Each structure stands twice: as C-alpha cells, then as structure tokens.
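# Below is the sequence, then the predicted model.
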Amino acid sequence: MKYRAAVLRSYETPFAVEEIVLSSGPAAGEILVEIAGCGMCRTDLAVRRSAGRTPLPAVLGHEGAGVVVASGDGADSALGVGDHVVLSFDSCGDCRNCRGAAPAYCDSFAALNLFGGREEDASRLTDAVGGALGSRWFGQSSFAEYALVPARNAVRVDPGLPLELLGPLGCGALTGAGAVLNTFRAGPGDTLVVLGAGAVGLAAVMAATAAGVRTVAVDRHPRRLDLAERFGAVPMPAVTVGLPERIRRHTDGGAQYALDTTASAPLINDVLRALRPTGTLGLVARLHTALPLEPGTLDGGRSIRHICEGDAVPELLIPRLIGLWQAGRFPFDELIRTYPLADINEAERDCDAGRVIKPVLLPERRDR
C-alpha cells in the first residue's frame, strides 16, 4: 500500500512530504486508520533535540484522528471498519501499571512511544526506494494519510463530531486537562497556578474552569494571557521580581496546586514558594538540565511530581473531554489552526514562533 506522509530524515532538515510504502496490512490487534487530521505537539518537534535517541528517518505525529479502514485478527471487538477514532499513546496492556489503570506509566512507555518500538515490532514502512522508516512514534506515526495502530491506542467517537479537529484530545489536551481532573482531582474551592499558556497549559485552564477551580495563568506572551483570561483564569505576566507574592494575593494566600509546562527553573522555584503548605507542583515539560531548588521551596510539606499524559486512561478521559466541549465548557477547538499536510514546515515555523497554539495537519483527500 502506498500513501503520502511527512518524513523527518535528520534532526536538522525540514520535513519532506513523500510517498511511502506499507508492506503489509494490520496484524492481530492492529487497525489501519485513514487520518482525517493530526495535531502537532511540542513533543514531535523536540525530536530535533533528542540527542539521537529517536531513530531517524521516521514518520512522526501522535495526535491523530481518523476512520478505521481495516482491522487485523484479534483487534478490539469494540472497533470495526468505518468507526471514527481518536488515537492516543501506546502501552503494552500487560504490565502491572497497565493492569492497574495507569497506562501512561507502562513499563515499556519509552520504548513504545519515543524510541521506535520494541524489537518484535519491526517497522513495515519504507520510502519509495525501499529504505526503512520509523513507524511506531507513539504507536501511530500519524503525520500521514494513514496510520497503522494498535487497537488499544484508539478511542471510538461519535461519527457526527468534527473528526479532523479531535486529534489533540489524544495527547496535548489530555495532558493538561488530565493533570487537573485526574492527578490533582481539583474542584470547587481549590486554587491552581498554570505556568505556560500553550496548548497543554490552556487545556488545564479550561478543565480547571469547568471544575470550578480558581486559576492563575502565567506566561510572557500577552496574546496567550488574553486567551487564558477568556477561558477563566487570572492572567499574570511572567516577571523576574515579585511573582510569588502576586500569585499568593490572587489565590487567598497560596495555591494548592501548580502545573508547569515551561521547564523554567526560575518559574518553578517561584511557584513552589507560592504554594500553600502541602501544596503540589506537577511537571509535564521535559527538563533538559538539572533543576536547582532554592532553600525553603519544599518547606511545609510541599511536593513535586512528574505527570505523564495527564495520568489518563484515554478511553475514559477523551469521551469526558468531548462531553465538556459539547457543553461549551472545554473549547479546545479555539486553539486550533489547520494546515494541509503539505505545509507541515510552515506549521512548525508558526508553532516555534508562537503564531499558533495548536497546528492541526489535514492530509489531502485523494481518489484512491
């Protein structure tokens, strides 16, 4: 089977949209999905700074949504040809954490999602001249017209929904909203600080507002702060002096929860000082250097933890977020700007420059 995909051939070069070849269809437990749209996530772009840990050339993309066009033997019986699905992260389904409803902490998470899959999952994608391509990025590699996906990655959704826009619910929106709803279990009377008003941070703001949580959003971009305010947060410019005091004034003496999407050590230390005793800071951004904690930041029982994929079980959280969106309480679609898949490099430039919050790539529909 031949189809078009965006291939990243080296860590420094642009994506190349080219024809690729899938050597075989879905095996047991797999589905083939025709992609309607795929969000571009910062994790996709961070491959360029991964120090060679993600094997290239590869097809990236892990916020896909589309229609099932084929399934292998033993695929999830809840899915069939014609079903509309949102794709999320991969997990083994068998380890202790997967069996304990914590698939984001799967024993094989890094191998399955970031580093090309396990040895037994050999790539079946090649380029037009037969060169092997990485095809297991987050179990989907959905910067493409089609994606071969483990059925456990897919969540069936109502066919009446705008499928091309739903992909970000599988990762970015799931991560921010899940941190609020799953990790913190925040509700009325709680206070939250969100560092960084990008796609993940704004999803957290929306979820917090829907849950009745008083929220402060910190960012250095005025336009993003305007969006955070529109979604229910108190906007607060990121400054170098007096940030903890300003946060405390707006959170009745200190926030119970904070979510960092920036990996900025100064901001992390500031927000720790702005937490109430026993307050919790969740980190979702990958730290590239050691995190120096200033004296006193963990006093009073304050704690830090890493949050992966919003502690989500995708088949539970994605329908919940869709329900909130349908009720007008989770307007994630207002963050989206669509681009043809052929314009993936323009989408990356706009994302890097902060001109767009959430790019979504739309494969060209062709007669086949």
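That came through fine. Residues are numbered from 1 along each chain as shown.
# Please, where are all the strands along the stretch 101-250 of the chain?
Using DSSP state E, counting those that start in this stretch, the strands assigned to the stretch 101-250 of the chain run over residues 125-127, 132-133, 146-150, 154-157, 191-195, 214-219, 234-237.
# what lines up beside the shortest one in the sheet?
Strand partners for strand 132-133, identified by DSSP bridges, are recorded as strand 125-127 (antiparallel).
# So what touches the partner strand?
5, 7, 18-23, 57, 59, 132-135, 141 (C-beta atoms under 8 Å, 6 or more residues apart in numbering). Yep, even glycine has a C-beta here, placed from its N, CA and C like the rest.
# Report the buried members of the residues you listed.
5, 7, 20, 22, 57, 59, 133, 134, 135, 141 (16 or more other C-beta atoms under 10 Å).
# May I ask which two of the residues you listed are separated the most?
22 and 57 (15.2 Å; C-beta to C-beta).
# among the strands of the stretch 101-250 of the chain, which is the most enclosed?
strand 191-195 (a mean of 29; mean count of other C-beta atoms under 10 Å).
# And that one, what does it pack against?
The elements that strand 191-195 packs onto, with contact taken as 3 or more C-beta pairs under 8 Å, 6 or more residues apart in numbering; DSSP states H and E, are helix 199-210, strand 214-219, strand 255-260, helix 265-273.
# Find out how far that strand is from the centre of the chain, if you would.
With C-alpha atoms, centre = their mean, to the nearest Å as the basis, strand 191-195 stands 19 Å off its chain's centre.
# got the CA positions of it in PDB?
As requested, the backbone C-alpha atoms of strand 191-195 are provided in PDB (Å, rounded to 0.1, in the frame of the first residue of the first chain):
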ATOM      1  CA  THR A 191      -6.700  27.100  43.600                       C
ATOM      2  CA  LEU A 192      -4.300  26.300  40.700                       C
ATOM      3  CA  VAL A 193      -1.400  28.100  39.000                       C
ATOM      4  CA  VAL A 194      -0.600  27.200  35.400                       C
ATOM      5  CA  LEU A 195       2.900  28.100  34.200                       C
END
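# which other residues reach it?
For strand 191-195, using C-beta under 8 Å, 6+ apart, the contacting residues are 180, 184, 186, 201, 204-205, 208, 213-219, 228, 233, 238, 247, 251-252, 254-262, 264, 267-268, 271, 274, 276.
# mind listing what it pairs with, with the direction of each?
Partners of strand 191-195 in its sheet, by DSSP bridges: strand 214-219 (parallel), strand 255-260 (parallel).
# how much does the first one deviate in direction from helix 265-273?
Between the direction of strand 214-219 and that of helix 265-273, the angle (axes from the mean of the first three to the mean of the last three C-alpha atoms, to 10 degrees) works out to 160 degrees.
# which residues touch residue 346?
With C-beta under 8 Å, 6+ apart, residue 346 has these contacts: residue 339.
# from the middle of its chain, how far away would stretch 256-264 be?
16 Å.
# Kindly check the end-to-end length of it for me.
Terminal residues of stretch 256-264 lie 20 Å apart, using C-alpha to C-alpha, to the nearest Å.
# Give me the contacts around it.
176, 179-180, 184, 186, 190-196, 198, 200-201, 204, 267-268, 271-272, 274-276, 278-288, 307.
# 6 Å instead, please
179, 184, 186, 190-196, 200-201, 204, 268, 271, 276, 279-285, 287 (C-beta atoms under 6 Å, 6 or more residues apart in numbering).
# Run through who's touching stretch 275-286.
Contacts of stretch 275-286 (C-beta under 6 Å, 6+ apart): 175, 179, 183, 254-263, 272, 300-307.
# and it, what's its mean pLDDT?
Mean pLDDT, computed over stretch 275-286, is 96.
# next one: stretch 3-16
95.
# And it, what's buried?
3, 4, 5, 6, 7, 8, 9, 15.
# Pull up the distance across it, start to finish.
From start residue to end residue, stretch 3-16 stretches across 13 Å - C-alpha to C-alpha.
# just stretch 252-267 next, same as before
End-to-end for stretch 252-267, by C-alpha to C-alpha: 20 Å.
# what comes up buried for it?
Here stretch 252-267 shows 254, 255, 256, 257, 258, 259, 260, 261, 262, 263, 264, 267 as buried, counting by 16+ other C-beta under 10 Å.
# Please apply the same query to stretch 72-88.
Applying 16+ other C-beta under 10 Å to stretch 72-88 flags 72, 75, 76, 79, 83, 84, 85, 86, 87, 88 as buried.
# got the contact list for that stretch?
26-31, 64-65, 67-68, 140, 149, 151, 153-157, 159, 163, 166, 169-170, 314, 318.
# With stretch 21-28 instead?
Counting by C-beta under 6 Å, 6+ apart, 1, 2, 32, 70, 71, 72, 73, 74, 124, 125, 126 sit against stretch 21-28.
# Mark which of the residues you listed are part of strands, please.
2, 32, 70, 71, 125, 126 (DSSP state E).
# And these, which is closest to residue 44?
Looking across these and measuring by C-beta to C-beta, the closest to residue 44 is residue 125, at 16.8 Å.
# which residues does that closest one bridge with?
Applying DSSP bridges, one finds that residue 125 bridges with residue 22, residue 133.
# For residue 160, see how far away it is.
According to C-beta to C-beta, to the nearest Å, residue 125 stands 32 Å off from residue 160.
# Ok, residue 37 next?
16 Å.
# low pLDDT regions in the stretch 51-200 of the chain?
51-52, 74-77, 116-122 (pLDDT under 70).
# at 90 what do you get?
51-55, 73-79, 114-124, 135-136 (pLDDT under 90).
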